[in-house]
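> Structure for the following, please:
(2 chains)
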2 protein chains.
Amino acid sequence: MNRMRIGIIGSGVVGQTLGAKLANIGHQVVLGTRSPEDLGTKRGMQKTSLGEWLAQAGANARVATFADAAQHGEIVINATGGMVSLDALSAAGDRNLEGKILIDAGNPLDFSKGMPPVLSVCNDDSLGEQIQRAFPRARVVKALNTVTAPLMVNPAAVAGGEHHLFICGDDASAKAQVTGWLGEWFGWRHVIDVGPIDAARGTEMVLPLWIRLMSGLGTPMFNFRIVQ
Amino acid sequence: MNRMRIGIIGSGVVGQTLGAKLANIGHQVVLGTRSPEDLGTKRGMQKTSLGEWLAQAGANARVATFADAAQHGEIVINATGGMVSLDALSAAGDRNLEGKILIDAGNPLDFSKGMPPVLSVCNDDSLGEQIQRAFPRARVVKALNTVTAPLMVNPAAVAGGEHHLFICGDDASAKAQVTGWLGEWFGWRHVIDVGPIDAARGTEMVLPLWIRLMSGLGTPMFNFRIVQ
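Next up, the predicted model:
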């Protein structure tokens, strides 16, 4: 396996889950967070403090600033909540994203008005497009945003992995590389390319149904299988 | 089988497909359309003229006005495009919908700005909610809007029927009845109740992804299976 330098922007459940898995399989991971000096506090939706996370992630992992994480990465993953993604990526720095594949796993869910959340952008725009416009030199690939964090890194945990992930982006070779990595890193066998980055409207707008299904099923461990 | 009087609002592909199937299995169907006297012209997305449709639908079917169709029905189905649903249901008449189950199969897709279409309402409102608000005495059940017309009436045509339909609405007994009819009429075995009528936001917001998938797969004959 090609050992890669991966920068993760965001240290919540998604960033921690992706980062620990990637470090555990041998990649060099820097997890970017707003206050990297604070390893003891559980913030926001974090299940573990960053100190506990470091213990799980092992010797291949570090905690640093957003900018350090982005600079470190040959590839960068946006694992922040969609409401703060543009701010966090600005702090990461345009120059640190230049020419790199940026996997956007975010969803622009606004929980400020209660449950269920609404999307802060949708229909004629999307978070994926906003990120691509704000960082035109990054090669944005929208992916992983339609499944819960534990399933992102372990698709086999549901139905033997027989279900689908949707990716989109304007850069065909970036999408092909990400599709390969999703298989190599996590075991994703079924990745559907749904089009250019504006198809992120579609994959982000699935979230309102996803949230209803999660409530009804009583678990986030499910996914969509496309059947023909 | 209980022979029912069913009023269908809308004579496009969805109305024709539902109406012909329901008439063929013995229900008394009145297909409501704006100009019921014109049986010869193929209008809009119609694949067959209403005269041709009558020949297929057989002796249990009639073509009439929206109001006649709604008055005829013990239950009423909105099969119009979402951009004109409120107008068509107003023409059908509030009194003709009173106390009746109204199955809303519409999607508020606006094709006026080109492809792919955007939704004319979404995120913090939905067509299903608009209809329930406009016709508070109708018992609105959102259903069937996430699959193509031929699949609505024949789920077995894809993956042996092993895939899911989503319904929602504020009236639990109406949803239970519709779930039963979907099985009896068409063979739907997997219907997931995703909540009150505001969950229509979720099922309508699937359409942008659905359209991208249709383009990529090259066929509308697919559906989502929820796997756990």
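> Give the other helices and strands that the helix or strand where residue A:133 lies contacts.
Assigned by DSSP states H and E, residue A:133 falls within helix A:127-134. The contact analysis (3 or more Cβ pairs under 8 Å, 6 or more residues apart in numbering or on different chains; DSSP states H and E) places helix A:127-134 against helix A:85-92, strand A:101-104, strand A:139-142, strand A:165-169, helix A:200-204. C-betas here are computed from N, CA, C, even on glycine.
> surely residue A:16 meets residue A:45?
No. Using Cβ atoms under 8 Å, residue A:16 is not in contact with residue A:45; the gap is 9.8 Å.
> neighbour-wise, which of those two wins?
Neighbours around residue A:16 and residue A:45, counted as other Cβ atoms under 10 Å in any protein chain shown, are more numerous at residue A:16. The numbers are 27 against 11.
> which ones are touching the closest residue to the more buried one other than its chain neighbours?
Nearest residue to residue A:16, sequence neighbours excluded (Cβ to Cβ, 6 or more residues apart in numbering or on different chains): residue A:53, at 5.1 Å. Shown in contact with residue A:53 (Cβ atoms under 8 Å, 6 or more residues apart in numbering or on different chains): A:11, A:16, A:19-20, A:31, A:61, A:63.
> now swap in residue A:123 and tell me
A:201, A:205, B:118-119, B:122-123, B:208.
> Now, the residues you listed that are in helices?
Under the assignment DSSP state H, these contribute A:201, B:208 to helices.
> Pick out whichever of the contacts of residue A:123 sits closest to residue B:91.
Distances from residue B:91 to the contacts of residue A:123, taken as Cβ to Cβ, are shortest for residue B:119 (23.1 Å).
> Report the contact partners of that closest one.
Contact partners of residue B:119, counting by Cβ under 8 Å, 6+ apart, are A:123, B:107-110, B:204-205, B:207-208.
> likewise residue A:195?
Residue A:195 neighbours (Cβ under 8 Å, 6+ apart): A:168, B:212, B:215-216.
> Could you say which helix or strand holds it?
Per DSSP H and E, there is no helix or strand for residue A:195.
> From residue B:221, how far out is it?
Per Cβ to Cβ, to the nearest Å, residue A:195 is found 20 Å from residue B:221.
> I'd say residue A:15 and residue A:80 touch.
Yes. Using Cβ under 8 Å, residue A:15 is in contact with residue A:80, at 7.5 Å.
> Show me the common contact partners of these two, please.
Common neighbours of residue A:15 and residue A:80 (Cβ under 8 Å, 6+ apart) are residue A:9.
> Within range of chain B, give me the residues from chain A.
When proximity is defined by Cβ under 8 Å from any Cβ of the partner chain, chain A lies next to chain B at A:118-119, A:122-124, A:158-159, A:162-163, A:166, A:168, A:192-195, A:199, A:201-203, A:205-206, A:208-213, A:215-217, A:219, A:221-228.
> Would you show me how to pick out the buried ones of those residues in PyMOL?
Listed next is the PyMOL selection for buried residues among the residues of chain A next to chain B, using 16 or more other Cβ atoms under 10 Å in any protein chain shown:
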select buried, chain A and resi 118+119+122+123+158+159+163+166+168+192+193+194+195+199+201+202+203+205+206+208+209+210+211+212+213+216+221+222+223+224+225+226+227
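> Among the residues of chain A next to chain B, which ones are in strands?
The strands, defined by DSSP state E, take in A:118-119, A:166, A:168, A:192-193, A:223-227 from the residues of chain A next to chain B.
> Stretch A:101-120: end-to-end distance?
24 Å (Cα to Cα, to the nearest Å).
> How far off centre is that stretch?
Put simply, stretch A:101-120 sits 12 Å off its chain's centre (Cα atoms, centre = their mean, to the nearest Å).
> in that stretch, what counts as buried?
Buried residues in stretch A:101-120, counted by 16+ other Cβ under 10 Å: A:101-109, A:116-119.
> With stretch A:31-42 instead?
A:31-33, A:36.
> returning to that earlier point: for the helix holding residue A:133, buried residues please.
Judged by neighbour count using 16+ other Cβ under 10 Å, the buried positions of helix A:127-134 are A:127-132.
> Make a markdown table out of those and add pLDDT and distance to residue A:139.
Converted to a markdown table, the buried residues of helix A:127-134 look like this (pLDDT from 0 to 100; distance: Cβ to Cβ, whole Å):
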| residue | pLDDT | distance to residue A:139 |
| --- | --- | --- |
| A:127 | 98 | 16 |
| A:128 | 98 | 12 |
| A:129 | 98 | 14 |
| A:130 | 98 | 16 |
| A:131 | 98 | 11 |
| A:132 | 98 | 9 |
